[in-house]
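# Next input, structure requested:
(4 chains)
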Protein chains: 4
Amino acid sequence: MLQRPLRDPHTRPGDWVQLTQVQGRRFFLFRLTPGEQLHTHKGIIAHDALIGIPWGSRVTTHLGVPFYVLPPSLSDILRETKRRTQILFPKDIGYILLRLSVGPGTHIIEAGTGSGALTTALAYAVGEQGRVYSYERRPEMQALARQNLALWGLEGRVTFHLHDIAEGFFERGVDALFLDVPTPEAYVAQVRAALRPGGFFGALVPTTNQVSRLVAALAAAHFAFIEVAEILLRFYKPVPERLRPTDRMVAHTGYLIFARPVEPTAPPEPQ
Amino acid sequence: MLQRPLRDPHTRPGDWVQLTQVQGRRFFLFRLTPGEQLHTHKGIIAHDALIGIPWGSRVTTHLGVPFYVLPPSLSDILRETKRRTQILFPKDIGYILLRLSVGPGTHIIEAGTGSGALTTALAYAVGEQGRVYSYERRPEMQALARQNLALWGLEGRVTFHLHDIAEGFFERGVDALFLDVPTPEAYVAQVRAALRPGGFFGALVPTTNQVSRLVAALAAAHFAFIEVAEILLRFYKPVPERLRPTDRMVAHTGYLIFARPVEPTAPPEPQ
Amino acid sequence: MLQRPLRDPHTRPGDWVQLTQVQGRRFFLFRLTPGEQLHTHKGIIAHDALIGIPWGSRVTTHLGVPFYVLPPSLSDILRETKRRTQILFPKDIGYILLRLSVGPGTHIIEAGTGSGALTTALAYAVGEQGRVYSYERRPEMQALARQNLALWGLEGRVTFHLHDIAEGFFERGVDALFLDVPTPEAYVAQVRAALRPGGFFGALVPTTNQVSRLVAALAAAHFAFIEVAEILLRFYKPVPERLRPTDRMVAHTGYLIFARPVEPTAPPEPQ
Amino acid sequence: MLQRPLRDPHTRPGDWVQLTQVQGRRFFLFRLTPGEQLHTHKGIIAHDALIGIPWGSRVTTHLGVPFYVLPPSLSDILRETKRRTQILFPKDIGYILLRLSVGPGTHIIEAGTGSGALTTALAYAVGEQGRVYSYERRPEMQALARQNLALWGLEGRVTFHLHDIAEGFFERGVDALFLDVPTPEAYVAQVRAALRPGGFFGALVPTTNQVSRLVAALAAAHFAFIEVAEILLRFYKPVPERLRPTDRMVAHTGYLIFARPVEPTAPPEPQ
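Numbers count the residues shown, from 1 in each chain, chains lettered A, B, ... in the order given. Here you go, the predicted model:
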């Protein structure tokens, strides 16, 4: 009844692997390459020992420390993004995807590119038919993001622009647009020009002052259905007999703002 | 530079429309059909008045009440799902998609189908190349979910099963599996049989007692990297000069549990 | 070993009583008066039936509906405060008492009086040796607060002022001062004049804009150790086998700001 | 109009002082003693330089590092409690005081004493007329708590018992009783025996499993109005132009449970 060929239950050369320590949360992400070796802080392991074994297998380094061999998850990939900037967190990215209706075939603009964590999630979600247009002013950041996207084989879905968005976006009629920049309120006209009528706009800013300025700018520029929210994610220690939250948590990443451009001019009359 | 044809900035017959009241948060979701009329609590509006106008237009009913014409968002569609059961919230669904790596091409099982809100989000995210297998025991719930999925044109991506999962799942080797049932701990063996090695498992349960039971069952069945979390979403009143959270919020929907099946048996030795 | 006379385990005429419905959270607060009757929505009960019985007794109305006879708690008294304004919540009041070191013997100013909920808690905490100075501009609010304080027999510990604090406070050298007014930033000089050197200042404001203005004014007026915080209180359904938070909660009451006046002028040199 | 003698605005020998670093949150709590010296990581300062100066003064060490001279606050005293155990947090203590109606004249039992943080707050709140009965089984913990209470001059309000509460409490008819022990459900009968009819019971436990067990035991022992709650305290960076929560916060200290003993037996009938 399964309507597609089974994925191979065994690892193959070229597969992306997440090698995760059995005790603890450290893991390594890499591509299986015959003849190579992985050097960890817990010992060495040959790629050849990891090829052709069942996914989920337990393997040990030459020092006897056990690891599991797993296909990587998107949220682990995001967490592992090589960064020089603060990156968006999975708790926020998941909600952004839903609120902006990002899915297969979506065309979306984001600025700035930063280290490319959100770019990675967007490129994954839009699929082969969609496209991500990612703007950045700092060449070294763009280079890092390109490298991160290439790592996951997703660079083909992204158009990278080294460009100041104050001068406008190159695209017109995109489905959605997300800003992760310090002064999003300065680019509301540029957003309106690039976004399809009725499209989806979102932004993340860390301070309440920025929220106030952006909301004011959006309202002045005829964006409607403005929504401001924040997401708190609390983890629990997974111990059945002593279930309780962890001692500490992330208290704040940023405020999420969503809005939709509507017609500022005189409406057609109903007939 | 835009690498696809522009979406038509005007509405066309057959388009899904979200007609949203300018003041307030009430909206109507329907398909534009020449000759038909929409009857709202604020007056009547002819579909013909909504066809061929720019997206984002402001229109008025015969009573003069203004509405905006917008393409529907996924989160609004989910919120609007006709329901007979408690449905999953966007705050949880977004995080689930990310943690289970659900994207174009993913094959995923869910149980129970319920009203089909999560089914809709999954079907949207997996695209044409992916597939959702959705299990439910109550015929009337499955019928409602089918109807909801058909409404959004996503029923072609879903295989509906009217089946008790205690007897097992029909599929093998799926990428991910999500349980939204009262006793998920009872189906851990069935989950392991259906999931690809190293695949992604998730569940939502409302009580701490259920969390304890599920975590114990997963640990006993050799699932690793068990994560328990809860998500709090807090909205703000979008008033720039008086920015503050809303007075009340949803305090709880459920606890999210994630885990990954690993090899229970003797591992291969490194060479 | 108990170092005081036992409180009478039986109710006596003149005692304050909290008559609480066995099922549900409705309760009545009143003073036991021989010959009187309490008329509830669930039937009538004679005060005489409540006098001379053990505290914690279960009694029934003439309709057979059961109630418990309890000494009232401070937090229930606060919740029951007759109000015309938004009142402070126990979650915030408890923390305020601690941060301002309010205890037996403390002299504290508060403005505005409002319905007198915080006034009640302060008057309770400062005891016979302490004193509360409460400022209000609206005569009808002051009258209501006086009535509330008299109800609990705490009016003797409060000096009520009908006065605009823009013109300054009458007292000098108080231990602590709390502002619950719309523009606390306007009264920072007046606060400094009334507060003892190194005393405790606190305020509650509902919006982030007010927080920014107050923090700026405090810093400019040489207040140190400025702290901004918010408190979230989440209740759980007390069902042992299905333990979980309630569905909804209060998302926001206000932001709490604390600070301490320090010497703005040239410091003495160490010898 | 001030109805008591002004507190001396200048420091005097014997005063408790909180010497707080101008930059940063480090502080020292000590009693001013002529002829003594305070040695800090930022240099030495003579007590004599701190005596007879205005509270709130800014002083400097021999290395020129500035500090403020302040009267200590209760919450800083609690935070500074010398500890060998996890202590209760001000956010929880403030709410406990309110829910248990602890104020001048209250007689309250607590167990276990631990490092004495809650003991200190209770002793402060009950005043000269009230009393705290504090139980502990570990002599070394009791010794530490005695020392902490003596430090603040509050030991005269506390009766320390080195005693296993499984054998019962010595007092009868106390107004309130608070348990901070691993298995509070084991002592419900002892609590009922010590508490005045209709008195106030509270407890703090870290895990959901303990909450379930305690709630079940309380319900079985005819405690009514059981309340379960948790308190989240979130701090903000006090920067007016960039107002935002701190990056991280305490995610969990414990669950608070409150209940009141009611009559288990046949009630008197209304007349």
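# Mind checking what helix or strand follows the least confident helix or strand in chain A by mean pLDDT in sequence?
Sorting the helices and strands of chain A by mean pLDDT, DSSP states H and E puts helix A:74-80 at the bottom, at a mean of 82. Using DSSP states H and E, the helix or strand that follows helix A:74-80 in sequence is helix A:90-99.
# Show me where the stretch 151-271 of chain A dips below the pLDDT cut-off.
The stretch 151-271 of chain A contains residues with pLDDT under 70 at A:265-271.
# Grab the nearest non-local neighbour of the residue in it that chain C sits nearest to.
Nearest to chain C in the stretch 151-271 of chain A, going by CB to the nearest CB, is A:T208, at a distance of 3.8 Å. Using the backbone N, CA and C atoms, a C-beta is placed for each residue, glycine as well. Distance criterion CB to CB, 6 or more residues apart in numbering or on different chains; nearest residue to A:T208, sequence neighbours excluded, is C:T208 at 3.8 Å.
# Surely the one you found touches D:L243?
Yes: between C:T208 and D:L243 a contact is recorded at 5.7 Å, counting by CB atoms under 8 Å.
# what residues are shared contacts of these two?
Residues touching both C:T208 and D:L243 by CB atoms under 8 Å, 6 or more residues apart in numbering or on different chains: A:T208, A:N209.
# quick one: the helices in the stretch 101-250 of chain A?
With DSSP state H, counting those that start in this stretch as the criterion, the stretch 101-250 of chain A has helices at A:117-126, A:139-151, A:188-194, A:208-220.
# and the last one, what does it pack onto?
Here helix A:208-220 touches helix A:188-194, strand A:195-205, strand A:223-237, strand A:255-261, helix C:208-220, going by 3 or more CB pairs under 8 Å, 6 or more residues apart in numbering or on different chains; DSSP states H and E.
# Let me have those in a markdown table, adding distance to B:F67 as columns.
Shown next, in a markdown table, are those (distance: least, CB to CB, whole Å):
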| stretch | distance to B:F67 |
| --- | --- |
| helix A:188-194 | 20 |
| strand A:195-205 | 12 |
| strand A:223-237 | 11 |
| strand A:255-261 | 13 |
| helix C:208-220 | 32 |
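# closest one to B:T183 among those?
Of all the helices and strands packed on helix A:208-220, it is strand A:223-237 that lies closest to B:T183, at 19.5 Å by CB to CB.
# Now do the closest one against strand B:223-237: the angle between them, please.
Using axes from the mean of the first three to the mean of the last three CA atoms, to 10 degrees, the interaxial angle of strand A:223-237 with respect to strand B:223-237 works out to 140 degrees.
# in the stretch 51-200 of chain A, what residue is nearest chain D?
The stretch 51-200 of chain A approaches chain D most closely through A:Q86 (9.8 Å), counting by CB to the nearest CB.
# What is the neighbour count of that residue?
A:Q86: 14 surrounding residues under other CB atoms under 10 Å in any protein chain shown.
# cool, and the one 10 residues further on?
Taking other CB under 10 Å as the criterion, the count of residues near A:I96 is 26.
# quick one, what contacts it?
So A:I96 contacts A:L88, A:V102, A:L118, A:F178, A:G202, A:L204, A:L256, B:G94 (CB under 8 Å, 6+ apart).
# ok so, going back, tabulate the helices and strands packed on helix A:208-220 (a markdown table), appending mean neighbour count.
Formatted as a markdown table, the helices and strands packed on helix A:208-220 follow (neighbours: other CB atoms under 10 Å in any protein chain shown):
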| stretch | mean neighbour count |
| --- | --- |
| helix A:188-194 | 19 |
| strand A:195-205 | 25 |
| strand A:223-237 | 20 |
| strand A:255-261 | 25 |
| helix C:208-220 | 21 |
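# before we move on, the earlier item: would you turn the helices of the stretch 101-250 of chain A into a markdown table with distance to D:E227?
Listed next are the helices of the stretch 101-250 of chain A as a markdown table, based on distance: least, CB to CB, whole Å:
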| stretch | distance to D:E227 |
| --- | --- |
| helix A:117-126 | 41 |
| helix A:139-151 | 49 |
| helix A:188-194 | 47 |
| helix A:208-220 | 32 |
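# now for those, which one comes closest to B:I108?
Minimum separation from B:I108 across those (CB to CB) falls at helix A:117-126, 14.5 Å.
# What angle do helix B:117-126 and the closest one make with each other?
Using the same axes, to 10 degrees: helix A:117-126 against helix B:117-126 is 100 degrees.
# and helix A:117-126, anywhere near chain B?
Yes: using CB under 8 Å from any CB of the partner chain, helix A:117-126 comes into contact with chain B via A:A121, A:Y124, A:A125, A:V126.
# Next: stretch A:157-177.
Yes: among the residues of stretch A:157-177, A:T159, A:F170, A:E171, A:R172, A:G173, A:V174, A:D175 lie within reach of chain B under CB under 8 Å from any CB.
# Could you report the distance from the first one to A:A193?
Okay, so that is A:T159. As judged by CB to CB, to the nearest Å, A:T159 and A:A193 stand 17 Å apart.
# okay, stretch A:181-188 in CSV with CA atoms only?
This file holds the C-alpha atoms of stretch A:181-188, laid out as CSV (Å, rounded to 0.1, in the frame of the first residue of the first chain):
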residue,chain,number,x,y,z
VAL,A,181,17.1,43.6,9.8
PRO,A,182,17.6,46.3,12.4
THR,A,183,15.3,49.0,10.9
PRO,A,184,12.6,47.2,9.0
GLU,A,185,10.3,50.2,9.3
ALA,A,186,12.7,52.0,6.8
TYR,A,187,11.8,49.6,4.0
VAL,A,188,8.0,49.4,4.0
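# what does that stretch contact?
Under the criterion CB under 8 Å, 6+ apart, residues A:111-112, A:165-166, A:179, A:203, A:205, A:210, A:213-214, A:216-218, A:220-221, A:223, A:257 lie in contact with stretch A:181-188.
# Name the residues of it that are buried.
Neighbour-count burial for stretch A:181-188 flags A:V181, A:P184, A:E185, A:Y187, A:V188 (criterion: 16 or more other CB atoms under 10 Å in any protein chain shown).
# how about the helices of the stretch 101-250 of chain A, which one is nearest D:P9?
Minimum separation from D:P9 across the helices of the stretch 101-250 of chain A (CB to CB) falls at helix A:208-220, 37.1 Å.
# roughly how far is the closest one from the heart of the chain?
Taking CA atoms, centre = their mean, to the nearest Å, one finds the center of helix A:208-220 at 24 Å from the center of the full chain.
# cool, and stretch A:205-223?
23 Å.
# again, but for stretch A:191-206
In terms of CA atoms, centre = their mean, the centre of stretch A:191-206 is found 17 Å from the chain centre.
# so the residue of the stretch 151-271 of chain A closest to chain C touches C:V228, yeah?
No: judged on CB under 8 Å, A:T208 makes no contact with C:V228 at a distance of 10.8 Å.
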